[in-house]
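model the following, please.
(chains A, B, C, D and E, ligands or ions: 4)
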Amino acid sequence: MNPLMQHDQQLLARIGLAQIKARERARQGRQFRLALRFMAPALLLVTALLLLPVLYNIWLSFTQWQLFEGRDDFAGWQNYRQLWSSPYFDEALGNTALWVLASVLFPLTAGLGLALLFRQMPGQEWFKSIIFLPRILAPTAVGVMWYYVYAPQGMLNQVLGQFSSMPVETGWLFEEQLVTPAIILTFVWQSCGLVMVLLLLGLAALPRDPLEAARMDGARPWQVFRHITLPLLAPTLLMVVILSVLAGFTVFDLLWVMGANYPQQRTLSLAVFMYFEAFQKNNWAFAAATAVVIGGVVLAVTWLQTLLQARVDRMVR
Amino acid sequence: MQNLSSQQAKWLALPPPASPPRWGKALCGLALALLWLLPFSYVLLAIFKSTAEYAATAPLSLPEGVSPLLENIRMAWQQGDMAQAMLNSSLYAAVGASLAVLLAAMGAYPLARMQFRHRNLWFLLLFAGTVFPFQMYLIPLFFGFQWAELLDTHLGMCLLYTAICIPFPLLVLRNYMQNLSLEIDQAARLDGASEFILFWRIILPNLRGPMSAVFLLQFTWIWNDMLFSSVLGNSPETRSIMNALLVFQGSYAQSGPNIMLTAAVLASLPTLLLFVLLRRQFMQGLRV
Amino acid sequence: KEVQLFNDKGFWSAPLQTVANAARAEGISLKISPYANAEQYKTFIQASVASGRTPELFTWWTGASLNTLTATGQLAPLGALWKEMEADGRFQPGVKDLFSVGGQPYAIPLQLSRWVVLYDKRVFARLGLKPPANWAELQTVATRIKAAGQTPFLATTQDGWRGFIWFQELLLRTDPKAYVGLNNGSVAYDSPAVRNVFKIWSDMYAKGWFSDPRSNEEINDFVRGKGVMYLFGEWAVGLLGKAGFPLQELGVFILPNAPGVQQPAIIVEGAPIVVSRKGLANPDVMKTLRFWVSNQGAQTWGKASGNYIGNNKIAAPNAIVSQVNTQLAQTRHTMFLRWWENVPSALQGEMVAEFNRFMLKPDMNTAQNVMQRMQSLNTAYWSSRKKS
Amino acid sequence: MAEVCLRDLVKVYEQQVVVRGIHLEIPDGALVVLVGPSGCGKSTTLRMIAGLESISHGQLLIDGKLANELPPQERGVAMVFQSYALYPHMTVQENLAFSLKLAGISAAERQKRIDVAVKTLELAPYLNRRPAELSGGQRQRVAMGRAIVREPRVFLFDEPLSNLDAKLRNQMRVEIKRLQHRLKVTTVYVTHDQVEAMTLADIMVVMKDGAIVQQGSPLEVFQNPANHFVASFIGTPQMNFFHGTLQQEGEHFYFASPALRIPLDRTRFGPALTHGQHVCAGLRPEDILPHWPDEAPPAAETFAATITLSEMLGNETLLFAESASGPLIARQLPPRPVADGQTLRFAIRSANLHLFDADSGISLRADRPQSQETIAP
Amino acid sequence: MAEVCLRDLVKVYEQQVVVRGIHLEIPDGALVVLVGPSGCGKSTTLRMIAGLESISHGQLLIDGKLANELPPQERGVAMVFQSYALYPHMTVQENLAFSLKLAGISAAERQKRIDVAVKTLELAPYLNRRPAELSGGQRQRVAMGRAIVREPRVFLFDEPLSNLDAKLRNQMRVEIKRLQHRLKVTTVYVTHDQVEAMTLADIMVVMKDGAIVQQGSPLEVFQNPANHFVASFIGTPQMNFFHGTLQQEGEHFYFASPALRIPLDRTRFGPALTHGQHVCAGLRPEDILPHWPDEAPPAAETFAATITLSEMLGNETLLFAESASGPLIARQLPPRPVADGQTLRFAIRSANLHLFDADSGISLRADRPQSQETIAP
Ligand SMILES: Nc1ncnc2c1ncn2[C@@H]1O[C@H](COP(=O)(O)OP(=O)(O)OP(=O)(O)O)[C@@H](O)[C@H]1O
Ligand SMILES: Nc1ncnc2c1ncn2[C@@H]1O[C@H](COP(=O)(O)OP(=O)(O)OP(=O)(O)O)[C@@H](O)[C@H]1O
Ligand SMILES: [Mg+2]
Ligand SMILES: [Mg+2]
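Numbering: from 1, shown residues only, chains lettered A, B, ... in the order given. Ligands and ions are numbered 1, 2, ... in the order given. Have a look, this model is predicted:
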């Protein structure tokens, strides 16, 4: 290829690379202006109604703002330092991490299981609809409903009571060890419908041939699943994981409603912690700092997703 | 020919090949579906009880009859001021979701199909709007709405819901647009289509599935929201259905959970109905 | 011109509307604007105040919250109006103090509830019990009820704010001075007085005198007989009626003092209606306020909601209120604001969560831990106050 | 290496019969090509042999043993898919090793077998690449390698070359043929490309509508098609057909049509000819010979036709022409440039004439092969 | 109808030169085929003409007017894409009408033009179907229809047949040729299939590495390839190459290799031959003639080669053989069955011999065409 490269250099010298580049840039500029015209309405609305509040909050997180008293002295990193030293924040952070982990793990495995179960099953559409149904309801309504499932005289205890000689009166939402798992169960109940639907669509889009090839190669159903289906599903799985991570990070309504009577409610998650600080204690600046931390993580995860997705797509293309 | 059709008839009458036990699967599915519906039983029991009956009996005991339901509905509907609220919510959800999906599609179009620098950053900028927990938006929005005289107006609520519903459809539609063949664009350009016509008549019609899916999801999101409505549009004229429900809940949760639950069921009915009718669109448009 | 009354009392929307209807005859156009929950309502008011557009007329809370709000300088003092109210003897002199900050009244009552013990007369009759007049009798009543297989006291952590109810009552009954000191930071949450309260409280729990704290249907539980005596504000009476409790079977008494405490006292909850400075200048707003405290207004409100606003010139809204009124008229009781209104609002939520924690696990170990945490919150708050 | 035997194989998909009773004996080591138009059930038949589709009726015997109910991995067959069906997330090496790992074969033995395949197929430079990083031809070779390493008793190919471009297709075709010759593994090969079928097959099986229409060696099928369908399907450019009637003049029969009149050889066409019978005459393009003005006139009779288009193929020219009996294609070697619109005279090689009944399409040749087909064409 | 002229066309993608200065004059009404291996810049050139890619350097003239900066729709060109790029949400009718509607053409005129295209391409039965409901060939026809209705001055085709199967490809090729003859619209056609190129082109342009290697009529290119690359690229099966040296014996030159020794015609190969020069001799498969034992020996010298494989194509047999000078392919007409492993003797038609310099690959023929290419092959 050496003569070719030499030739190219002569060619480029003859026609002037700089000129070509300038023309290319001008073209990109035109494209960009065109692009801007399409994005303008969305940008305008999003900037005015979402980004400005975000900026405002970021600014707030560096002040001592207290809504009522109008104190907005600049405070530097004080709120953030306070965040690190607050024991409740630590607990909330730990719980959120637990939430993220659980909201990835459980809906994904449950959703995948359901997707595999319902794939090519007679009457699957109705079963799928029923599993998806909770997703349509307001989260607060779901919370209230499940409150009664978990109540000491609630449904869960009644069902469990069938299997024991003594009446069961566990307060699922009142015990430190139980409250988070209980709410997570509700979360799974609510969210694995969407995960299942997304995975089903992903499964349906898989090429059939490699799966059959694996069968010919002597793989048993489980091995086909493990070695072929799962890796091929990776792009869908990644997207679902990211969506679950984001959902886990920002989950609020369920916790707020179902944890209402749990004394340590504010430590249930970062979002709840933030709400507590802002609305109950009027610590707006401090809450803003919490929100900035949450927002930062969410943005980082989104960014990571854009990076990973390209890579995973390339892997299974 | 005669001979042939009898031969075919014989083949067609062959017993179907022994397939793996589908019955077991179906039964499994049925059990799961029932399990999934179980939590609703409490609600279903409660709405058939009169207030006094509810107070006197255990939450999970069977109702004595079905007649109190009508009275409960009447009470919930009238006292919860639900007619106006339903109208408001329909307006917000329809306008907000459709505008949001449209604007998101417009925004996604160049992000997916044009070449310019820092495309990912522009995407992230548009997406970054919803990274905070929503509660944090309330105060700045309140100030802004007050300044712009948008508090307690239909216009303000529609604008807000539109904005907040843009990022998710943007993400989904961008994915879809990236997968559409680029040659279609080129064919259309050669056919003399301007960028706008290309977008409107070539790209959009090919995204009906995902667009209706995100529309429905955003519609239900707006319908179910109570946070923004309860602070930014709280007057009875602009109150959303979920906010009305919450206000109403304040008055009856103490004494009449039955009526409150009836109201909740009424408030969820439109989206449930929408789901039952359009479940395919809900569930099939969303490849990610 | 229309006057809007902003509030977070959705549960009183209907009775408030009745008042508004009655007011229309007087040429007052009153519109009731309820908010869904307290947090969002507070946000709405605070944000409005912060941006200098305080609503003209809205409900608020007494105590620390009212202090903070008046400190913004946007509230109108209502001294003139109170003068009218007291001049014709409609309101007793003590009432005004509940709505005053620094001696200046800033609000009128939306309601005035005394915290009393409601009980089921049928059970008392069946067991041959009388309302207890002193501490010992209280113990006897509870013991007898327990022995009869029923739970003496109904108390839950419902909605997350109820935890303080028995604490404040026990403290007031055992050490009124400490009750006052607690709320200005001079008495610690781990002081002997508080420890004593927790001791008594956990003893009562140990004897099985309290109902399951985890129920979320307190009102209905009373109807279901889950607890015979119910320590609560008078405003619960209306709710009990609606839930189907036969009100003629409802009795009431004021919780007696512990031995050694002389001064009769009662805890009062006052819900205030406040007016902005702009509202004060608006004749329509003032006309509305006047109607509210007038006999006709108070009567309409009382009938519709069962609420008492302190106007003594009219018939009490229900038998319970009138019984309490009679008792208070017989013996002069000192009025104390609730713990909730007295404690700085930044501490309310976290402290009450601690009380709830105790109720769910009512032993002295928990109590110890609860006291410690409350005290550390307390110190942190007061020390940061002093700094700024 | 195995003998495969299909006995009355039938496939029914919900109310639709797709394979209609196939009988086929495949001797050990033979390369059988199933060829036929799209949708005729070739793939379905192949997939029934593979075990990827259940068998509705009939028997599949591999080495004399009934295999109807055996799961795919126990049949000892390996398959190369049209899409290659490589595992996109594995490297070439991993793709090749996958089946061996599943079979629990030791690493050493595994490596040995892979090495053989890699050498045979010249895959060494690509071992660490993923399928996405390979060209079409390379992928095809990997797919073959994956089949080879398993050392199966039967190879199955489902249109393995149809995703390649013309040049590569020719090349791979030769390689497959060589490979099969070397390994001598019984092979069933499906294609709808008749050139591929002709060149590869030991036994060529022509299918239509789920049934076998003709089977035999490629040359047999080419030279003696059992009916009109096979005649038109095999050979490119397609055989020319002329409609006409049979005319008897004394002992002699003639094929008569507006442009052509051809005396028939009674020994080839048997005794069943009747006067006035409607028939269809078939002539391959190479059997229609243009008579150039600058050349000596051919011995035979000629007829006129007008050139509508000529295709220069470098080493030959295809002449598309319109005669009084309809359009025809003739093959001219060596190539000559021809102007469109020119009228030429053509002679025919009547020794290679085919005759089909106009209604049933069945060949009128005396030695016509028997068709399994039970269905009217 | 228009004349298209490419002057020193260059395309640079970020630092990578993809088209390297192309000069090409396309006369009005001509069908020019760009052919070359994958990645040689054919599509890029075509897309620069279409206006879908910017032109980095050089000039594009359409009817003498500079078109470099014209937007696609104003160039009067219509394009048929490899993937057809039909609008999936529109019916065939709507696909055809789209461009006309955009151009504001009246409904009556629109219908007239569509009717013509529908008739020409026999699309009538499909008008109300969507692309997804059409077969590959039908889609292809719709794509052509969409180009035709616009009545463009220039047609551009980018491998329009490569998604079709062999049979259909042949058929559509003929149709395209007929259509272009009828409409006489200037056409640029891109393919990597040299058969397509040979049969369709008025002017065939062979490209490599972004430059034109040879252009001329298909026959010219076939018979007189400018260099080794063109010789190997055009013609199927590929030309046979034998490496050897030139030997001078007095006035006469010989090509010498282990198996073959061929006397050279000085009038064909010009005066530039030198003794000892390393060269490569090229012979097309039809110029290598097997000498069957049952036939008379050919006049020329013969050499021996062992058959490794024979491919029966029905009307011909391809013989793959191994000679002392390397592997070769010979074409046998009429077909004959040949056993593998048999050794045959072959003669050659030395009149059709090609000679290339072994290093530069350039043809040694005296009348070799000039190449635009400035790059070493
Ligand atoms: N799963 C299925 N359900 C119903 N019908 C099917 C199914 N698979 C294939 N068919 C039908 O069976 C017939 C034969 O299909 P098959 O794939 O065997 O054809 P083929 O000869 O391989 O064609 P091609 O050359 O296009 O691959 C077709 O008409 C097809 O529509
Ligand atoms: N957008 C692009 N950016 C960078 N390089 C490109 C781009 N498009 C094409 N190329 C490169 O330009 C070269 C020529 O591409 P082109 O598509 O013109 O080839 P082609 O001759 O049409 O090949 P094929 O027969 O495979 O279609 C290739 O090496 C390709 O990798
Ligand atoms: Mg097939
Ligand atoms: Mg190309």
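
quick one: average confidence on stretch C:86-99?
With pLDDT averaged residue by residue, stretch C:86-99 scores 86.

how far is that stretch from where the chain is centred?
18 Å (CA atoms, centre = their mean, to the nearest Å).

next: stretch C:220-227.
Counting by CA atoms, centre = their mean, stretch C:220-227 comes out at 21 Å from the chain centroid.

cool, stretch C:276-294 as well?
25 Å.

tell me the domain ranges of chain D?
D:4-227, D:230-357 (the TED database).

buried deepest among these, which one?
domain D:4-227 (a mean of 20; mean count of other CB atoms under 10 Å in any protein chain shown). No exception for glycine: its C-beta is placed from N, CA and C like everyone else's.

that one and chain E in contact?
Yes: contact of domain D:4-227 with chain E (CB under 8 Å from any CB of the partner chain) involves D:38, D:162, D:165-167, D:170, D:173-174, D:177-178, D:181, D:192-195, D:198-199, D:218-219, D:222.

out of these, which sit inside helices?
D:166-167, D:170, D:173-174, D:177-178, D:181, D:194-195, D:198-199, D:218-219, D:222 (DSSP state H).

right, and A:Ala260 touches C:Thr157 too?
No: contact criterion CB atoms under 8 Å: A:Ala260 and C:Thr157 do not qualify, at 9.2 Å.

the two - which one has more neighbours?
Between A:Ala260 and C:Thr157, C:Thr157 has the larger neighbour count (other CB atoms under 10 Å in any protein chain shown), namely 27 against 18.

about what we covered before: ok, which of the residues of domain D:4-227 next to chain E also contact ligand 1?
Among those, the ones lying near ligand 1 by CB under 6 Å from any ligand atom are D:Ser38, D:His192.

would you mind checking the average pLDDT for stretch B:60-70?
On average, stretch B:60-70 scores 84.

okay, now that stretch: how far is its last residue from its first?
20 Å (CA to CA, to the nearest Å).

which of the residues in that stretch are buried?
B:Leu60, B:Pro63, B:Pro68, B:Leu69 (16 or more other CB atoms under 10 Å in any protein chain shown).

for D:Pro258, list the residues it contacts.
Counting by CB atoms under 8 Å, 6 or more residues apart in numbering or on different chains, D:Pro258 makes contact with D:Ser323, D:Ala324, D:Ser325.

you'd agree A:Phe279 is up against C:Glu39?
Yes: using CB under 8 Å as the test, A:Phe279 is close enough to C:Glu39 to be in contact (3.9 Å).

could you tell me which residues touch both of the two?
With CB under 8 Å, 6+ apart, A:Phe279 and C:Glu39 have no common neighbours.

for the helix or strand that contains D:Ala108, packing partners?
Counting by DSSP states H and E, the element that carries D:Ala108 is helix D:107-121. Applying 3 or more CB pairs under 8 Å, 6 or more residues apart in numbering or on different chains; DSSP states H and E, we find helix D:107-121 packed against helix D:92-102, helix D:136-149.

quick check: nearest residue in space to the closest residue to chain E within the stretch 201-350 of chain C, chain neighbours excluded?
Nearest residue of the stretch 201-350 of chain C to chain E: C:Asn216, at 53.1 Å (CB to the nearest CB). In this structure, C:Asn216 finds its nearest non-sequential neighbour in C:Gln158, 5.2 Å apart by CB to CB, 6 or more residues apart in numbering or on different chains.

give the buried residues for stretch C:175-182.
With burial defined by 16+ other CB under 10 Å, the residues of stretch C:175-182 counted as buried are C:Asp175, C:Pro176, C:Ala178, C:Tyr179, C:Leu182.

over to stretch A:166-182?
A:Val168, A:Thr170, A:Gly171, A:Trp172, A:Leu173, A:Phe174, A:Val179, A:Thr180, A:Ala182.

contacts for the host helix or strand of A:Thr236?
Assigned by DSSP H and E, A:Thr236 belongs to helix A:234-250. Applying CB under 8 Å, 6+ apart, the external contacts of helix A:234-250 come out as A:96, A:99-104, A:107-108, A:111, A:191, A:195, A:198-199, A:201-202, A:230, A:270-271, A:294, A:297-298, A:301-302, A:304-305, A:308-309, A:312-313, A:315-316, B:133-134, B:287-288, D:89.

how about it: buried residues?
For helix A:234-250, by 16+ other CB under 10 Å, it's A:234-250.

contacting ligand 1 as well, which ones from those residues?
Checking these against ligand 1 (CB under 6 Å from any ligand atom), there are no matches.

once you drop chain neighbours, what's closest to the residue most central in space within chain B?
With distances taken as CA atoms, centre = their mean, B:Thr220 lies nearest the centre of chain B, 2.5 Å away. Spatial nearest neighbour of B:Thr220, excluding adjacent residues (CB to CB, 6+ apart): B:Thr271 at 4.8 Å.

and if you look at D:Arg284?
That would be D:Met239: by CB to CB, 6+ apart, it lies 5.2 Å from D:Arg284.

list the contacts for that neighbour?
Counting by CB under 8 Å, 6+ apart, D:Met239 has contacts D:Ala231, D:Ser232, D:Gly282, D:Leu283, D:Arg284, D:Pro285, D:His354.

dihedrals phi and psi, it?
Main-chain dihedrals, D:Met239, degrees, to the nearest 10: phi -60, psi 140.

quickly note the distance from it to chain E.
10 Å (CB to the nearest CB, to the nearest Å).

how about the nearest residue to D:Val4, chain neighbours excluded?
Per CB to CB, 6+ apart, closest to D:Val4 is D:Ile26, 4.2 Å.

residues touching that neighbour, list them.
Counting by CB under 8 Å, 6+ apart, D:Ile26 has contacts D:Glu3, D:Val4, D:Cys5, D:Leu6, D:Val32, D:Thr186, D:Val188, D:Ile203.
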